[in-house]
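Q: Give me the fold of what follows.
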Amino acid sequence: MPFRDNYVIDPGAATWAVPQNFDARFNWDYDDGRAAMMGLYRKGVEMQWNAETRIDWSQDLDEDNPQQLPEAMLPISGMAQYEAMSRRDKARVRKHFQAWNLSQFMQGEQGALICAAKIVTQVPDMDSKFYASTQVIDEARHVEAYNRLLRKFGVAYPITAPLQELIDQVLRDSRWDMTYLGMQVVIEGLALAAFQQVRDNAQNPLAAAVNAYVMQDESRHVAFGRLALRDYYPHLSQAERDEREEFLLEACYLMRDRFDAVEVWRTLGLDPAACAAHMYDSGYMQQFRSALFTRIVPIVKDIGLWGDTIREGYTEMGIIGLADVDVQALQDSDEDIARQFDARRAYVASVADRAKAMEPA
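A: Just a heads-up that it's a prediction; the model follows:
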């Protein structure tokens, strides 16, 4: 079935064109460059994987709760209108909300694919071009994986307006570091927080595995942004850094307050305002915001955008205390968890092989 037939809302034209105005930069110095960046590039090359074979796509999704997530992870759980629904109608709400969330994963990964390709074109350093080229294939693989998972739902949603607005802003800016800042720090931080919630809470092994493997790649992408921007921002004027801090604050407010799934509630005949009021203070949203800013705030401090503008904004948002989170420990954990999924699948396969060998001829 054509993927477009899964959309419950017409996404409009098949393509979205974002005008670009930037220089494509060649570099004739083919030296190895920064050791840390080249080490990340080697790691990116060695850790490529095939979505077709690493993931067991024969696994099914649950009919009533596709990813088998806790009820508390539905942001309108506990709302009177939802609690009064029949079992069948509740199942439909769960399916649509999870499909909407997964659709944003897929649409965001296509945004990351385009941004990574832009970085290869724009960035002046050869070592950065090398690493960004590995990220391009990573992001293509992520789009593939989420596409395959979403097709099992049979339901999909177009890109939500706040995410499209953020990607549009990042792509239109002609400065290469703004592509890094918007994608590698902000959007990848958003993605890691959202993926983590599914990875750590889904009882469906297929859904959990897809997110675990994608997060293994994404943690490298964030490290790439850290390395590149940490070297670059000390050379900018205070006015230039202030401008980037204001962009970060605007993006953080946008992500905190605007991912309200209004498309889902309208499609299901629910009052979007009532749903938004309930979900704003829900346990799900509180957990998501905490995970989101845990992934972003320490990176912002690490890359040197830590002036009065950003510190005052983060203090007002109540997230300044996350500045000292150990980002490397988070990255190491993401990689370890992905390896645990590999080990679990290998163990299950070995048991199945032994059982088959014991069958009478």
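Q: contacting residues for the residue nearest the centre of the chain?
A: By CA atoms, centre = their mean, the mean C-alpha position of the chain lies nearest to A191, the distance being 1.9 Å. Going by CB atoms under 8 Å, 6 or more residues apart in numbering, A191 touches F105, G108, E109, A112, E218. Where you see a C-beta, it was placed from the backbone N, CA and C, and this is true even at glycine.
Q: now those residues as CSV including distance to N201 and secondary structure?
A: Shown next, in CSV, are those (distance: CB to CB, whole Å; DSSP: H, G, I helix; E, B strand; the rest coil):
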residue, distance to N201, secondary structure
F105, 15, helix
G108, 19, helix
E109, 20, helix
A112, 23, helix
E218, 18, helix
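Q: If we only consider those, which is nearest to L254?
A: G108 (13.5 Å; CB to CB).
Q: Report how many residues lie close to that closest one.
A: 26 (other CB atoms under 10 Å).
Q: now the residue nearest to L322 when sequence neighbours are not counted: how far from V327?
A: What sits nearest to L322 in space, not counting adjacent residues and going by CB to CB, 6 or more residues apart in numbering, is V297, at 4.1 Å. Using CB to CB, to the nearest Å, V297 is found at 10 Å from V327.
Q: Compare the two and say which is more crowded by neighbours.
A: Using other CB under 10 Å as the criterion, V297 and V327 rank with V297 on top: 25 against 20.
Q: any idea which element that one lies in?
A: Element membership for V297 (DSSP states H and E) is helix 283-302.
Q: quick one: that helix to chain centroid distance?
A: 13 Å (CA atoms, centre = their mean, to the nearest Å).
Q: tell me the mean pLDDT for it?
A: For helix 283-302, mean pLDDT is 89.
Q: For whichever helix or strand comes after that helix, give me every contacting residue.
A: As assigned by DSSP H and E, the chain's next helix or strand after helix 283-302 is helix 308-317. The contact list for helix 308-317 (CB under 8 Å, 6+ apart) reads 242, 245-246, 248-249, 252-253, 256, 293, 297, 300, 320, 323.
Q: Quick one: the helices in the stretch 51-200 of the chain, in order.
A: 51-54, 80-83, 87-122, 126-153, 161-172, 176-179, 188-201 (DSSP state H, counting those that start in this stretch).
Q: closest one to L268 among these?
A: Closest among the helices of the stretch 51-200 of the chain, once you apply CB to CB, is helix 87-122, at 6.0 Å.
Q: re the thing from before, show me what counts as buried in the helix holding V297.
A: By 16 or more other CB atoms under 10 Å, the buried positions in helix 283-302 come out as 284-285, 287-289, 291-302.
Q: Now do that helix against helix 188-201, angle only.
A: Inter-element angle recorded for helix 283-302 and helix 188-201: 140 degrees (by axes from the mean of the first three to the mean of the last three CA atoms, to 10 degrees).
Q: so where's this protein uncertain?
A: Across the chain, the ranges flagged by pLDDT under 70 are 257-258, 361.
Q: Next up, the contacts around W306.
A: Neighbouring residues of W306 by CB under 8 Å, 6+ apart: V300, A323.
Q: What are the phi and psi values at it?
A: phi -130, psi 40 (degrees, to the nearest 10).
Q: how far away is it from R54?
A: For W306, the distance to R54 - CB to CB - is 38 Å.
Q: R289 now?
A: Applying CB to CB to R289 and R54 gives a distance of 31 Å.
Q: Double-check Y213 against Q340; I have them as touching.
A: No. The criterion here is CB atoms under 8 Å, and Y213 misses it with Q340 at 11.3 Å.
Q: ok so, going back, which of the contacts of helix 308-317 count as buried?
A: Buried among the contacts of helix 308-317 by 16+ other CB under 10 Å: D242, E245, L248, L249, C252, R256, F293, V297, V300, I320, A323.
Q: is it true that A99 touches P158?
A: No. With contact defined as CB under 8 Å, A99 does not reach P158; the gap is 11.7 Å.
Q: what about those two, which has more around it?
A: A99 (23 against 18).
Q: mind listing what the residue nearest to the more buried one when sequence neighbours are not counted touches?
A: Once flanking residues are discounted, A99 sits nearest to V155: 4.1 Å by CB to CB, 6+ apart. Contacts for V155 (CB under 8 Å, 6+ apart) come out as N6, V8, K95, H96, A99.
Q: separation between V155 and N65?
A: Distance of V155 to N65, computed by CB to CB: 14 Å.
Q: intersection of neighbour lists for the two?
A: K95.
Q: Residues in contact with stretch 81-89: which ones?
A: D64, L74, I76, K90, V93, L270, D271, A274.
Q: and those residues as a markdown table, adding neighbour count and distance to A14?
A: As requested, those are exported to a markdown table (neighbours: other CB atoms under 10 Å; distance: CB to CB, whole Å):
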| residue | neighbour count | distance to A14 |
| --- | --- | --- |
| D64 | 13 | 33 |
| L74 | 20 | 31 |
| I76 | 24 | 32 |
| K90 | 18 | 34 |
| V93 | 19 | 29 |
| L270 | 18 | 29 |
| D271 | 13 | 32 |
| A274 | 14 | 34 |
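Q: of all these, which comes closest to I137?
A: Nearest member of the contacts of stretch 81-89 to I137, counting by CB to CB, is L74, at 34.3 Å.
Q: what's the following helix or strand after the helix or strand hosting A208?
A: Following DSSP H and E, one finds A208 within helix 205-232. Next along the chain after helix 205-232, taking DSSP H and E as the criterion, comes helix 238-258.
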